[in-house]
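Peer 1: Based on what follows, work out the 3D shape:
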Amino acid sequence: MNFERVCVDASLAVTWLLRIQQDEYADALRRQWLADGVEMIGPPMFHAEVTSVLREEVFFKRLSQEEGEEAFSLYSSIPIRIVDGIMVYRLAWELAKEFNLPVCYDMQYLAVAELEDCDFWTLDRKLVKALRLKGNKRVKWVGEHKDKKSV
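Peer 2: You can find the predicted model right below:
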């Protein structure tokens, strides 16, 4: 792989943390990025989304307290640079209008990818489909790349 940086969706990060949701390819992709020195980036909401999912898993007893602590510890070790600033929100707003979406949440990830000129990786198949229908080529769905030999 020849990436300098990638924007990582919370859905992808959660699969790295929860045994019940692990995706073998997603984990291999993370290991490859780390080995290749690829910088992982995301919007400020990344941290809130990931920690909220972990807490919800423990609260609803889908994870034990110990498993939740272990997942949180692993999350804390993920090297992700947060890209923030009014430009992220302004661009997310414009992208939500462009793609005719009711909220700007997911567009913050795409805005970061646009601002940092990199790919945006997600496990959200519906989001990928919606963005590609309007011509966006920056968004990447992990599932499409399972059969490729590069990882």
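
Peer 1: Test my guess that M87 contacts L115.
Peer 2: Yes - in this structure, M87 is within contact of L115 by C-beta atoms under 8 Å, at 6.1 Å. (Each C-beta comes from the backbone N, C-alpha and C, glycine too.)

Peer 1: which regions of this structure sit below the pLDDT cut-off?
Peer 2: 1-3, 20-22, 145-151 (pLDDT under 70).

Peer 1: Please, where are all the strands along it?
Peer 2: 5-8, 39-42, 80-82, 119-122, 139-141 (DSSP state E).

Peer 1: Please report phi then psi for N100.
Peer 2: With angles defined as degrees, to the nearest 10, N100 sits at phi 50, psi 50.

Peer 1: distance of it from L91?
Peer 2: 16 Å (C-beta to C-beta, to the nearest Å).

Peer 1: more crowded one of the two?
Peer 2: It is L91, of N100 and L91, that has more neighbours when counted by other C-beta atoms under 10 Å, with 21 against 8.

Peer 1: Next, the distance between the ends of stretch 55-68.
Peer 2: End-to-end distance of stretch 55-68: 7 Å, with C-alpha to C-alpha, to the nearest Å as the criterion.

Peer 1: Residues contacting that stretch, please?
Peer 2: Contacts of stretch 55-68 with the rest of the structure, by C-beta atoms under 8 Å, 6 or more residues apart in numbering, involve 18-20, 54, 71.

Peer 1: so where's the longest helix in this protein?
Peer 2: Of all segments of type helix in the chain, defined using DSSP state H, the longest is helix 45-59.

Peer 1: What are the boundaries of the helices in this protein?
Peer 2: All helices of the chain, identified by DSSP H, fall at 10-17, 24-36, 45-59, 65-76, 86-98, 105-116, 125-133.

Peer 1: Hey, what's the angle from the fifth one to helix 125-133? Just curious.
Peer 2: Put plainly, it is helix 86-98. Calculated by axes from the mean of the first three to the mean of the last three C-alpha atoms, to 10 degrees, helix 86-98 forms an angle of 80 degrees with helix 125-133.

Peer 1: Which strands or helices does helix 86-98 pack on?
Peer 2: Using 3 or more C-beta pairs under 8 Å, 6 or more residues apart in numbering; DSSP states H and E, the elements in contact with helix 86-98 are helix 105-116.

Peer 1: got the angle between the helix it packs on and helix 10-17?
Peer 2: 90 degrees.
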